[in-house]
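*Asks:* the following comprises the amino acid sequence and a computationally predicted model.
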Amino acid sequence: MFRHKGQLYHYTVAPFGAKFSQHWWGRMGAFLVRWFHAFLFTKHCLLLFVDDFLISMPQSMAALQATYLVLLCQLFHIPVSWKKCWLGPHQTWIGWSFDFNAGLVSLHQDKCSKLLQMIHYMLLHPTMKKKALEKFIGLAMWCTSLFPSLRVHLHWLYDDLAKPADTQFSCDPGAWHDLQRCLSPELVFVQPPPHTSIPVGSKLVSVRHHVVHNMQDLLNVPITPKRIWMRIRDPASPTRKLSPNSLRVLGLFDQWLSSGQWVVSMRPKPRWEGDASADAFADQHVCGIGGFITPAGQPPMWFSERFSNEDFAQHDILLGGDLQKHIAFLEALAQLANLHLLIRDSLHSRVNLIFASGTGNTGAESRLNTLFSTKYPMCCLLERVSFLLASHNVIIGSQHTQGFRNIQANFLSRWVPPNPLPAEFVAERRVRFSLKDLWCIAPGPSVHPAGAELHWRQFQLPVPQRILGIFFSGTCCSNWVSLVCPRS
């Protein structure tokens with residue numbers, strides 16, 4: 001209620017913007033859900049977001065139950081937005097597109113376009129307003145609610161949101177000791193230094209290009225007769241600057257959204273029936289990865305590759321001199337190759353599986369199950385794993401395998417041709433991976449069988465902005481191509 005010119009007014013509805021609206025709609029919506037459940041006596045699914053309902057039920061009863069709900073709302077004077085009401089297998093609800101006939105839910109094209117526009121703007125303007133970054137994070141969190149493997153990597157943007165842009169300040173060397181008295185042990189200004197405009201609550205980040213974390217670091221900064229320049233971080237600053245990590249994640253989201261692979265099955269994901277394991281070894285300059293998947297009733301598909309420091313350097317993966325120090329990264333790289341094997345084995349469809357693969361390294365197991373790391377290069381590798389999981393609708397469940405039980409994968413990681421192979425690993429089922437195949441996540445064409453000639457590729461045909469999927473086949477032609485292209 002509110003009073004105006006001696007008159008008392010009260011709301012008969014809860015308007016958006018009022019502080020009590022969320023509390024009102026939460027309680028009212030919860031009541032209506034329980035109430036509708038009691039009246040819908042046949043099996044159904046009832047979902048609510050604020051004041052928008054989505055109800056699914058068997059098609060034979062849908063028209064009758066919908067009529068029943070409409071009559072119920074009219075009898076009890078429940079307001080209904082008739083222009084939003086729609087009965088049918090294809091529904092758009094809170095920005096998601098549902099296809100109940102196919103059992104699929106996807107991100108609506110309008111939301112996708114809006115998110116892409118924001119990403120392109122942020123890539124061109126990495127210094128932005130805090131409100132703009134908050135708006136993007138909110139939309140990205142909502143859009144990735146069905147893609148948790150990608151949502152994990154938004155932590156870089158949250159980190160930038162909590163770091164205001166630094167500002168340069170200076171002071172006279174004679175006022176340096178007076179300025180130090182205004183600092184807390186955490187180098188936060190508790191009072192304004194004399195003769196400066198440094199705001200209270202801001203944090204001292206660096207002095208004369210020396211990063212400082214505590215008072216001891218401050219005492220170690222050399223002071224000369226020249227004017228002292230400092231970098232100050234003000235939490236009230238409305239400006240934020242994106243870090244290289246955030247820009248890299250934005251590029252990942254750009255590739256994912258541009259590929260058009262934002263469709264999820266409503267059906268529960270079955271567990272992949274088969275055996276899978278991968279392993280890696282490393283010495284100072286050379287490493288090897290190997291692994292296999294054994295689909296039910298089929299011989300195993302396997303890989304075995306060796307890489308050197310030079311191979312990693314070609315793709316700007318800076319591991320340093322001793323590869324053995326990065327064994328957890330290499331074990332996770334082997335698991336990424338195993339995931340590629342699963343996708344190669346299921347080229348005819350999106351996989352929609354829970355994929356469990358064994359690893360002998362607990363560090364790789366932990367990182368792959370959480371898909372979270374802030375250490376380079378593991379964080380970059382996990383981003384590529386997340387892209388594949390989101391694009392192919394897979395959940396990965398890495399499992400630790402004791403070393404003495406991981407004999408086959410251990411052998412493949414160390415195998416050197418032309419040494420003999422175990423009988424179950426036939427040469428025809430070997431899949432070759434270059435480091436580029438594993439590290440570069442941009443979708444591209446693949447031709448099967450290997451070496452097949454596609455004469456139409458020699459012509460310069462116009463390519464649309466997005467090619468979601470093209471499949472060629474014929475009864476008189478044994479060659480086929482599966483093509484997924486990024487934005488041209």
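*Replies:* Received, thanks.
*Asks:* test my guess that Ile396 contacts Ser357.
*Replies:* Yes. In this structure Ile396 lies within contact range of Ser357 using C-beta atoms under 8 Å: 7.3 Å. C-beta here means a position set from N, CA and C on the backbone, and glycine is covered the same way.
*Asks:* any shared contact partners between those two?
*Replies:* Both Ile396 and Ser357 are in contact with Gln335, Leu339, where contact means C-beta atoms under 8 Å, 6 or more residues apart in numbering.
*Asks:* ok, these two, which is more surrounded?
*Replies:* Per other C-beta atoms under 10 Å, whichever of Ile396 and Ser357 has more neighbours is Ser357, with 27 against 22.
*Asks:* any idea how far that one is from Phe189?
*Replies:* Distance, Ser357 to Phe189, by C-beta to C-beta, to the nearest Å: 52 Å.
*Asks:* Phe433 now?
*Replies:* From Phe433 to Phe189 the distance is 54 Å (C-beta to C-beta).
*Asks:* what do you get for Arg429?
*Replies:* 66 Å.
*Asks:* equivalent analysis for Ile232, please.
*Replies:* From Ile232 to Phe189 the distance is 8 Å (C-beta to C-beta).
*Asks:* check His315 too.
*Replies:* 44 Å.
*Asks:* the more surrounded of these two?
*Replies:* Phe189 (20 against 14).
*Asks:* for stretch 354-367, buried residues please.
*Replies:* Residues Phe355, Ala356, Ser357, Gly358, Thr359, Gly360, Asn361, Ala364, Glu365, Arg367 are the ones in stretch 354-367 that count as buried (16 or more other C-beta atoms under 10 Å).
*Asks:* what about the stretch 251-400 of the chain, any weak spots by pLDDT?
*Replies:* 347-351 (pLDDT under 70).
*Asks:* secondary structure class for Asp437?
*Replies:* Secondary structure, DSSP: H, G, I helix; E, B strand; the rest coil: Asp437 is helix.
*Asks:* spatially, what comes nearest to it if we skip its sequence neighbours?
*Replies:* Among residues not flanking Asp437 along the chain, His340 sits closest, at 7.3 Å (C-beta to C-beta, 6 or more residues apart in numbering).
*Asks:* which parts of the helix or strand that contains that neighbour are buried?
*Replies:* Assigned by DSSP states H and E, His340 falls within helix 327-344. Residues of helix 327-344 classed as buried by neighbour count (16+ other C-beta under 10 Å): 327-342.
*Asks:* and if you look at stretch 285-296?
*Replies:* Cys287, Gly288, Ile289, Gly290, Gly291, Phe292, Ile293, Thr294, Pro295.
*Asks:* do the same with stretch 218-238
*Replies:* Buried, per 16+ other C-beta under 10 Å, within stretch 218-238: Leu218, Val221, Ile228, Met230, Arg231, Ile232, Arg233, Asp234, Ser237.
*Asks:* how does this structure divide into domains?
*Replies:* 21-88, 166-236, 268-442, 444-488 (automatic domain parsing).
*Asks:* any chance of those domains in TSV, plus distance to Trp256?
*Replies:* Formatted as TSV, these follow (distance: least, C-beta to C-beta, whole Å):
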stretch	distance to Trp256
domain 21-88	24
domain 166-236	32
domain 268-442	6
domain 444-488	10
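*Asks:* which one, of those, ends up nearest to Leu252?
*Replies:* For Leu252, the closest of the domains of the chain is domain 268-442, at 5.3 Å, according to C-beta to C-beta.
*Asks:* now find how far off-centre that closest one is within its chain.
*Replies:* 20 Å (C-alpha atoms, centre = their mean, to the nearest Å).
*Asks:* would you check that Leu204 makes contact with Ser184?
*Replies:* No. With contacts counted by C-beta under 8 Å, Leu204 stays clear of Ser184, the gap being 9.9 Å.
*Asks:* and these two? Which one has more around it.
*Replies:* The residue with more neighbours, out of Leu204 and Ser184, is Leu204; 24 against 12, by other C-beta under 10 Å.
*Asks:* can you tell me the helix or strand for that one?
*Replies:* strand 203-207.
*Asks:* same question for the following helix or strand past that strand, mean pLDDT?
*Replies:* Downstream of strand 203-207, the first helix or strand assigned by DSSP H and E is strand 210-211. The pLDDT scores in strand 210-211 average 90.
*Asks:* need the contact partners of the following helix or strand past strand 210-211.
*Replies:* Using DSSP H and E, the helix or strand that follows strand 210-211 in sequence is helix 215-219. Residues outside helix 215-219 that contact it (C-beta under 8 Å, 6+ apart): Gln180, Leu183, Pro185, Leu187, Leu204, Val207, His210, Val211, Val212.
*Asks:* of those - the most surrounded one?
*Replies:* Leu204 (24 neighbours).
*Asks:* which residues touch that residue?
*Replies:* So Leu204 contacts Leu183, Leu187, Val188, Phe189, Val212, Leu218, Met230, Arg231, Ile232 (C-beta under 8 Å, 6+ apart).
*Asks:* what is the lowest-pLDDT residue among these?
*Replies:* Leu218 (88).
*Asks:* still on that earlier bit, helices - which of the buried residues of stretch 354-367 land there?
*Replies:* Ala364, Glu365, Arg367 (DSSP state H).
*Asks:* I'm done for today, thanks for sticking with me.
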